[in-house]
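Enquirer: Any chance you can model this:
(one chain, ligands or ions: 1)
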Amino acid sequence: MTIDIRKVTVLGTGVLGSQIAFHTAYSGFDVTAYDISEAALVGARERINSLVATYNNEVEGAADGKAERTAAGIALSADLAAAAKDADLVIEAAPEVLTIKQDTYKRLNDVAPEQTIFATNSSTLLPSDMKDFTGRPDRFLALHFSNQIWMHNVAEIMGTPDTDPDVFRAVADFAAAIGMVPIELHKEKAGYVLNSMLVPFLDAALALAAGGYAEPETIDMTWKIGTGFPFGPFEMLDVVGLNTPYNTHSHGGEDKQRIAAWLKENYIDKGKLGAASGEGFYRYPSGSA
Ligand code: NAD
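Expert: Modelled structure (predicted):
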C-alpha cells in the first residue's frame, strides 16, 4: 500500500528540529513546528529566520526569495493537538531524555489521527524503548538527520521489529523527497551507521592524546598522510565542539573520566570549546570558522 506524506509536523524546534522543519518546508511540504511554550516559539522563529541567511549563503537557488518564503510558510504552534491534527508524519526532535520522549509520545498518541506516522530523530536512544508509548508501534520508527541537514544530507531510517514495511518505505521515500540520501538499517543499532563508526574513531584519537602518546596535531597528520583523508579527528572534534565529547566521557568509566579531565583542564577551562568559540585544538581567526 502506498502511503502519501504531505503534511509534516516537527516536535521540538531546537538545533535539529528547526533545521528539519526548515528543510522539509524548503522541499515543498506543509510544515507545522511545535514547541512546549510560546516562549520556546520565540526561539524557534529566531532559529528559522537565521536559517534564511544560511540557506541564502550556502544553498544554490535559495537566494531568489525561496528561503524567505520557506520561513514565512512554517506554521508554529504550542498546542500539540492543533499541531498534530492532520499530520501525515510527525518527526520528533525533543530533548534526548527517554522519559521526555516517552511522555511526548503518550500525549501525541491521544491527539494525532490513527494513521499518522511517528518518527524519532533521537541520536542515541532506540525506537524500541519508545514504541510502546506511541500507541501505534507499526507506524513508528527512527528517522535520524545529521546536524547541518542542508549540507550533511544523510537520513538514517531504522525501524523496530514492529514497524510496518510500508511505513518504513514511505519514510525512506519522504527522506529522498526532501533531498536526503536515505540510509536504510535492517535492524536496530545504537548510533545507527554513521555514529557507530565516527564515535569510536574520535574516541580512539582522544585516548591517544589524553594518554600522552602523541599530540593532537601529530595524530591528525598521521591520519591525513596515512589515509589521504582531508581532515584529522581533532579537526573534526573542533567542528563538533568539545563539550560533546566532554559530556559523553564524563559519564563513563575510569578511562573515560581521565579523558574528560584532560579535555577540561587543557581546553574547556581555558574557553577552548572548538571552532565556534574561535579555538579548540586549533585556532580559528575570526571569520574563518
Ligand atoms: P535542543 O535542546 O536544541 O532542542 C530541543 C527542543 O525540544 C527545544 O526547543 C525544547 O523546547 C523542545 N522540547 C522540550 N520538551 C519537549 C516536548 N515534550 N515535546 C516537544 N519538544 C520539546 O536539542 P537538539 O540538539 O535539537 O536535539 C533534539 C533531538 O535531535 C535529540 O533527540 C537529539 O539526539 C537529536 N539529534 C541532535 C543532533 C545535534 O547535532 N544537535 C543531531 C542529530 C539528532
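
Enquirer: Close to the ligand: what parts of the stretch 51-200 of the chain are there?
Expert: Contact residues, the stretch 51-200 of the chain versus the ligand (C-beta under 6 Å from any ligand atom): Ala93, Ala94, Pro95, Glu96, Ile100, Thr104, Asn121, Ser122, Ser123, His144, Phe145, Asn147. To be clear about C-beta, it is placed using only N, CA and C from the backbone, and glycine gets the same treatment.

Enquirer: Need the pLDDT of the first one.
Expert: What that stands for is Ala93. With respect to pLDDT, Ala93 has a value of 97.

Enquirer: any chance you could read off phi and psi for it?
Expert: For Ala93, the backbone dihedrals (degrees, to the nearest 10) come out as phi -130, psi 50.

Enquirer: For burial, what's the neighbour tally of the residue of the stretch 1-150 of the chain found nearest the ligand?
Expert: Residue of the stretch 1-150 of the chain nearest the ligand, by C-beta to the nearest ligand atom: Gly14 (1.8 Å). When neighbours are defined as other C-beta atoms under 10 Å, Gly14 has 15 of them.

Enquirer: What separation is there between His251 and Gly14?
Expert: 21 Å (C-beta to C-beta, to the nearest Å).

Enquirer: Just the residues contacting the helix or strand containing Phe234, thanks.
Expert: With elements taken from DSSP states H and E, the one containing Phe234 is helix 233-240. Residues outside helix 233-240 that contact it (C-beta atoms under 8 Å, 6 or more residues apart in numbering) are 198, 201-202, 204-206, 209, 216-217, 219-220, 223, 245, 274-275, 280-282, 284.

Enquirer: Would you write a ChimeraX line that selects the buried entries of those residues?
Expert: Those of these that count as buried under 16 or more other C-beta atoms under 10 Å are selected in ChimeraX with:
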select :202,205,206,209,216,219,220,223,245,274,275,280,281,282
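
Enquirer: What's the end-to-end length of stretch 275-285?
Expert: Start and end residues of stretch 275-285 are separated by 9 Å (C-alpha to C-alpha, to the nearest Å).

Enquirer: With stretch 157-174 instead?
Expert: Distance across stretch 157-174, first residue to last, is 11 Å (C-alpha to C-alpha).

Enquirer: Return the set of buried residues in it.
Expert: Going by neighbour count (16+ other C-beta under 10 Å), the buried part of stretch 157-174 is 157-160, 162-164, 167-172, 174.

Enquirer: Please flag which of these sit within helices.
Expert: Val167, Phe168, Arg169, Ala170, Val171, Ala172, Phe174 (DSSP state H).

Enquirer: Is the nearest residue to the last one once chain neighbours are set aside inside a helix or a strand, and which specific one?
Expert: By that I understand Phe174. Of all residues not flanking Phe174 in the chain, Ile5 sits nearest, at 4.7 Å (C-beta to C-beta, 6 or more residues apart in numbering). Under the assignment given by DSSP H and E, Ile5 is not contained in any helix or strand.

Enquirer: what does the one 3 residues further on give?
Expert: With secondary structure defined by DSSP H and E, Val8 is part of strand 7-11.

Enquirer: Could I get the average pLDDT for whatever helix or strand comes next after that strand?
Expert: The helix or strand immediately downstream of strand 7-11 is helix 15-26, counting by DSSP H and E. Here helix 15-26 scores 96 as its mean pLDDT.

Enquirer: Save the ones in helices among the buried residues of stretch 157-174 as a markdown table, and put in pLDDT too.
Expert: Shown next, in a markdown table, are these (pLDDT from 0 to 100):
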| residue | pLDDT |
| --- | --- |
| Val167 | 98 |
| Phe168 | 98 |
| Arg169 | 98 |
| Ala170 | 98 |
| Val171 | 98 |
| Ala172 | 98 |
| Phe174 | 98 |
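
Enquirer: Lys189 touches Met158, doesn't it?
Expert: Yes - Lys189 is within contact range of Met158, at 7.2 Å (criterion: C-beta atoms under 8 Å).

Enquirer: shouldn't Ile117 be in contact with Ile3?
Expert: Yes - if you go by C-beta under 8 Å, Ile117 and Ile3 touch, sitting 7.3 Å apart.

Enquirer: okay, those two: which has more neighbours?
Expert: Between Ile117 and Ile3, counted using other C-beta under 10 Å, the more crowded position is Ile117 (27 against 17).

Enquirer: re the thing from before, what's near enough to touch the residue nearest to Phe174?
Expert: Phe29, Asp88, Leu89, Ile117, Ala170, Val171, Asp173, Phe174, Ala177.

Enquirer: Assign the residue lying closest to Leu126 once chain neighbours are set aside to helix, strand or coil.
Expert: Among residues not flanking Leu126 along the chain, Glu188 sits closest, at 5.2 Å (C-beta to C-beta, 6+ apart). Classification of Glu188 by DSSP: H, G, I helix; E, B strand; the rest coil places it in coil.

Enquirer: All set, thanks.
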